[in-house]
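1. Need coordinates for the following:
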Amino acid sequence: MQKLKALAREILGDYRYKHSLCVADSALELAKKYGVDPHKAQKAALLHDLMKDTGQEELLCFFEELEISLNEDDRLNPQIWHGMAAAFYLRDKLGIEDEDIFNAVYYHTTGRAGMSPLEKVIFVADYISDDRKYPDLGQMRKLAKVDLDRAIIYALAFQIGRLAGERGLIHPNSLECYNELLAKHKNKIDF
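-> Below is the predicted model:
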């Protein structure tokens, strides 16, 4: 883990590095609570934003270098490119072949239908890390201690509502994740 911390420190600016450490702490706590491999959770959390400080043009060049073509939904949502790029960086540059870690990093901004427990831990840990400050953070942290699915529904409702209010594009992965979890838990949503 020390080598990965050193890599994150080398690539990321101060703010993003501190955020990654905070997400790793939150992910470790959630992993222990929900029976997820804590080592995998810390690794994915520490590296989830590895490409966040990389500019859009550089990310496009990175995708081109690896012969990754973006679908229309991805191309129209450059704010998610860093997660996609980080996942490919882990796999293709660092040799981290674990598909669950790849998916946790890849989908940490949008979520997706059929998320694994590790993916859910990273998604939620990114929202509740100690460095975060936004309205309703207390409610989000409270939900994370009770039920990851409910925390994700709450986070996506916030995210989708904010994007809709700004007339921003909403990635289909977020909608599919929200709809799947809401349908699964519709009688248990009381927030």
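
2. In this structure, mark out all the helices, start to finish.
-> Applying DSSP state H to the chain gives helices spanning 2-11, 14-34, 38-47, 56-65, 72-75, 81-88, 99-106, 117-128, 137-144, 148-165, 172-185.

3. Tabulate these (TSV), appending mean neighbour count and mean pLDDT.
-> Heads up, the C-betas are built off the backbone N, CA and C, glycines and all. Compiled in TSV, the helices of the chain are given as follows (neighbours: other C-beta atoms under 10 Å; pLDDT from 0 to 100):
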stretch	mean neighbour count	mean pLDDT
helix 2-11	13	94
helix 14-34	19	97
helix 38-47	23	98
helix 56-65	14	96
helix 72-75	13	95
helix 81-88	23	97
helix 99-106	22	98
helix 117-128	25	98
helix 137-144	17	94
helix 148-165	18	95
helix 172-185	17	95
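
4. So what does the residue lying closest to residue 63 once chain neighbours are set aside look like in phi/psi?
-> Excluding the flanking residues, the one nearest residue 63 by C-beta to C-beta, 6 or more residues apart in numbering is residue 70, at 6.5 Å. Dihedral pair for residue 70: phi -90, psi 140, per degrees, to the nearest 10.

5. Could you measure from residue 70 over to residue 93?
-> Here residue 70 is placed at a distance of 19 Å from residue 93 (C-beta to C-beta, to the nearest Å).

6. More neighbours: which of those two?
-> Set residue 70 next to residue 93 and count neighbours by other C-beta atoms under 10 Å: residue 70 wins out with 16 against 12.

7. Quick check, pLDDT for that one.
-> Among the per-residue scores, residue 70 holds a pLDDT of 95.

8. before we move on, what about residue 191?
-> Listed pLDDT for residue 191 reads 63.

9. For the residue minimising distance to the centre of the chain, give its distance to residue 57.
-> Nearest to the geometric centre of the chain sits residue 108, at 1.7 Å (C-alpha atoms, centre = their mean). According to C-beta to C-beta, residue 108 stands 22 Å off from residue 57.

10. which non-adjacent residue is nearest residue 32?
-> Closest residue to residue 32 apart from its sequence neighbours, by C-beta to C-beta, 6+ apart: residue 38 at 5.9 Å.

11. One more: residue 21?
-> residue 46 is the one closest to residue 21 (C-beta to C-beta, 6+ apart), at 7.3 Å.

12. which ones are touching that neighbour?
-> The contact partners of residue 46, by C-beta atoms under 8 Å, 6 or more residues apart in numbering, come to 1, 4, 5, 8, 20, 21, 23, 24.

13. for residue 91, same thing?
-> Counting by C-beta under 8 Å, 6+ apart, residue 91 touches 97, 102.

14. just to revisit the earlier point, for the residue nearest to the centre of the chain, give me its contacts.
-> Applying C-beta under 8 Å, 6+ apart, we find residue 108 in contact with 48, 83, 119, 122, 123, 126.
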